[in-house]
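In: generate coordinates for the sequence data below:
(chains A and B)
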Amino acid sequence: MFRYMIYLGILLLLVGGYLVIRKWVDQRVEKNTDTEVVRENEEYLGTWASKSDTGFTLFRLHRGGKLTLRLVHYPATDTTTIAGTYVYAGVEGGNNIKYFPRLYTFNEKGDTLFNYYIRYLTKYDMTIDQVDKMILSPNNVFDTMAFTFYRIKQ
Amino acid sequence: MKIILPCTRFILLCLLLSSCKSNSNKRAINPEDLDKAAIAEQQSTPGQVRSTLNAAELIALSACKDLPCVQLFMKDRSSDFVHAKKGEFASMYRSAVTDTSGKSLVIPMSTLYVTVDAGADWRMAHTVHTKTLSDQLLQEFAAVKFQLSDSVYSNKSTEFKYHYRSAQYPGLVLSQTKTFAPWRARGLYYTVTWPCYVFELYKGE
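Out: Modelled structure (predicted):
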């Protein structure tokens, strides 16, 4: 019995060690390359973009709550860059649809840029989606207007 | 001991290498590939864009006189319509419909109900839930020369029922009505608070 307890301890130590090493490496990679290494339950982090006939929108959700938003309104080619902050709220509800996670973004003055429900977010271990997706919607009514953003390489 | 040390190093190296990978980061694309991703997504999720049956399909369906015939016909359209319950088909595409109190309801944009009760007269009704879709469908019928031939006031539903006929389809009568009682106490229509536009097409009336 004691022997098995030792084995279990070693296994837990290995898993714990792996996670600690992974976190340490991720932090180093993020610091040196100025990117977000996305792990389980933080799939919202990173750079997202969407393109339509009227414009191009790109935003980066930095670790720590910082936001960078870039907009291009066609046919002009000028890029408007807005720096600000964001809040990812409502995750405590888990899979309960009453607690749709929301994404609030603010500019540097604190004015709200957008306040949307996250209707869909590709999970970390998802094998169906070839590209990570985030679907933002002004409301939680199914089959109504929504904006699809794709994860962009950083 | 000679083997254990390199093995440990190898395991540590594997751990380090695997820890660098992130599934989410691997699924990222370049900004110039955004169009491709959007097209690929559209192709991978076909259907669900149709809200109603079209005029040609309703004309073809009018030849059916029992449920198996309707089921067979609707089987080919199963990407757009679901056979929810015996004799009750509903469009997969749902959207917001505003009822008379101004409340927004998210419901299928149309349904196709057929008689399943033993001994009951045959009835097949395609009910559309917005005026825009109803007008669109009427226009499709107008394109194949269906013209208003009669109107009947129903005391039961307190609505006018409009009959249309076409020289191209002799014997076929299209009846269209705006009602709050499209099909009494069945499926979606137990408590109807929004205007429904019912299309029925029969031969030899």
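In: show me where the chain dips below the pLDDT cut-off.
Out: You didn't pick a chain, so chain A it is. Across chain A, residues meeting the criterion (pLDDT under 70) sit at A:91-99, A:140-144.
In: right idea, wrong chain: chain B
Out: Using pLDDT under 70, chain B drops low at B:1-20, B:45-49, B:157, B:205.
In: let's see that with 50 instead.
Out: Chain B contains no residues with pLDDT under 50.
In: so which residue is smack in the middle of it?
Out: With distances taken as C-alpha atoms, centre = their mean, B:Ser91 lies nearest the centre of chain B, 1.7 Å away.
In: contact partners for that one?
Out: B:50-52, B:80-81, B:108-111 (C-beta atoms under 8 Å, 6 or more residues apart in numbering or on different chains). C-beta coordinates here come from the backbone N, C-alpha and C atoms, glycine included.
In: please repeat the previous calculation with a cut-off of 7 Å.
Out: With contacts taken as C-beta atoms under 7 Å, 6 or more residues apart in numbering or on different chains, B:Ser91 has the following neighbours: B:50-52, B:80-81, B:108-110.
In: now, which of the residues you listed lie within helices?
Out: Of the contacts of B:Ser91, none are assigned to helices by DSSP state H.
In: from these, which is closest to B:Ser149?
Out: Within the contacts of B:Ser91, proximity to B:Ser149 (C-beta to C-beta) peaks at B:Thr52, which comes in at 22.7 Å.
In: on that earlier part again, any idea how far B:Tyr162 is from the residue nearest to the centre of chain B?
Out: 23 Å (C-beta to C-beta, to the nearest Å).
In: what's the separation between B:Trp122 and A:Phe59?
Out: 57 Å.
In: neighbour-wise, which of the two wins?
Out: With neighbours defined as other C-beta atoms under 10 Å in any protein chain shown, B:Trp122 and A:Phe59 compare such that A:Phe59 has more, 24 against 11.
In: residue nearest the centroid of chain A?
Out: Note: chain A centre (C-alpha atoms, centre = their mean) maps to A:Tyr44, 1.2 Å.
In: show me where chain A has strands.
Out: A:46-51, A:55-61, A:66-73, A:79-89, A:102-107, A:112-121, A:133-137, A:147-152 (DSSP state E).
In: could you check the angle the first one makes with strand A:147-152?
Out: It refers to strand A:46-51. 130 degrees (axes from the mean of the first three to the mean of the last three C-alpha atoms, to 10 degrees).
In: the longest one too?
Out: Comparing the axes of strand A:79-89 and strand A:147-152 via the same axes, to 10 degrees yields an angle of 100 degrees.
In: so what touches strand A:79-89?
Out: A:44, A:61, A:65-72, A:101-108, A:113.
In: residues of chain B that sit close to chain A?
Out: Contacts of chain B with chain A, taken as C-beta under 7 Å from any C-beta of the partner chain, map to B:15-16, B:19-20, B:22-25, B:27-31, B:34-35, B:37, B:93-96, B:106.
In: are any of these buried, and if so which?
Out: B:19, B:22-25, B:27-29, B:34, B:37, B:93-96 (16 or more other C-beta atoms under 10 Å in any protein chain shown).
In: so of the residues you listed, which ones are in helices?
Out: B:19, B:23-25, B:34, B:37.
In: quick one: which two of these are the most distant?
Out: Going by C-beta to C-beta, the pair spanning those furthest: B:Ser19 and B:Leu34, at 29.5 Å.
In: show me the strands in chain B, by range?
Out: B:81-85, B:88-91, B:94-98, B:104-108, B:110-114, B:124-128, B:146-154, B:159-166, B:172-179, B:196-203.
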